[in-house]
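S.K.: No sequence on hand, only this structure:
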């Protein structure tokens, strides 16, 4: 039972690390504005750098519930226009809900982690780290299998992965934007999403790798032999 609980703790840690990685990278305006400058995207879209940067900030603020609308007027092709149309705004309602749900899951997992820590502190204070480090190793093995599969998929067919992701998490086809009419897909081309996903995975794997390295060290150097059979 304790081994199973420690495994759940490891899974909860992984979920929290994933949510944190998404939040710290996907919602960082600098991630996008830096790439806009490198790609000279504003020039390609016939908008000013300021309008392009303001548009992504509005979008990210909306996702984080820091504003209630996505209304912003930009100058494109010499004309003042709304940056986002009705279809894009409706799609972002779904994106916002997905993000808010992810944050809720992260908070719930964090609370469970604290609860499990308290449980082991009360029940097995001396062996607490031994159990938790073993659970972290077991959870990381499961994660490794999943990452191997998705990593190969992303490397060989990012478009296929990205399409699958949207069909799983969205119940409509509003995510199928048209660059001829939808500014959002123009300011967020596939190459940016590709770099975004890779950056999130790298940060996520690094966090898990640090926890895993400590867990392996503790199991081999500190944990009593056969502690989980007592």
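M.R.: Perfect, I can see it now. Computed from a prediction, not measured in an experiment: that's the story for all the values here. Numbers count the residues shown, from 1 in each chain.

S.K.: Would you map the strands across this structure?
M.R.: 73-76, 79-82 (DSSP state E).

S.K.: In CSV: those strands, plus distance to residue 127.
M.R.: (C-beta placed from N, C-alpha, C; glycine too.) What follows is these, written out as CSV (distance: least, C-beta to C-beta, whole Å):
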stretch, distance to residue 127
strand 73-76, 60
strand 79-82, 61
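
S.K.: Return the most buried member of those.
M.R.: strand 73-76 (a mean of 16; mean count of other C-beta atoms under 10 Å).

S.K.: pLDDT below threshold where in this structure?
M.R.: Residues of the chain meeting the criterion pLDDT under 70: 225-230.

S.K.: Please point out which parts of the top helix by length along it sit buried.
M.R.: Longest helix in the chain, counting residues (DSSP state H): helix 86-123. Buried residues in helix 86-123, counting neighbours by 16 or more other C-beta atoms under 10 Å, are found at 87-89, 91-92, 94-96, 99, 102, 106, 109-110, 112-113, 116, 119-120.

S.K.: Not counting its neighbours along the chain, what's nearest residue 95?
M.R.: The shortest distance from residue 95 to any non-neighbouring residue, by C-beta to C-beta, 6 or more residues apart in numbering, is to residue 63 (6.2 Å).

S.K.: Make sure the one you found is actually in contact with residue 97.
M.R.: No. Applying C-beta atoms under 8 Å, one finds residue 63 not in contact with residue 97, separated by 9.7 Å.

S.K.: what touches both of these two?
M.R.: Among the neighbours of residue 63, none is also in contact with residue 97 (C-beta atoms under 8 Å, 6 or more residues apart in numbering).

S.K.: Burial check on residue 194, number of neighbours?
M.R.: 15 (other C-beta atoms under 10 Å).

S.K.: Next up, the contacts around it.
M.R.: Per C-beta under 8 Å, 6+ apart, neighbours of residue 194: residue 158.
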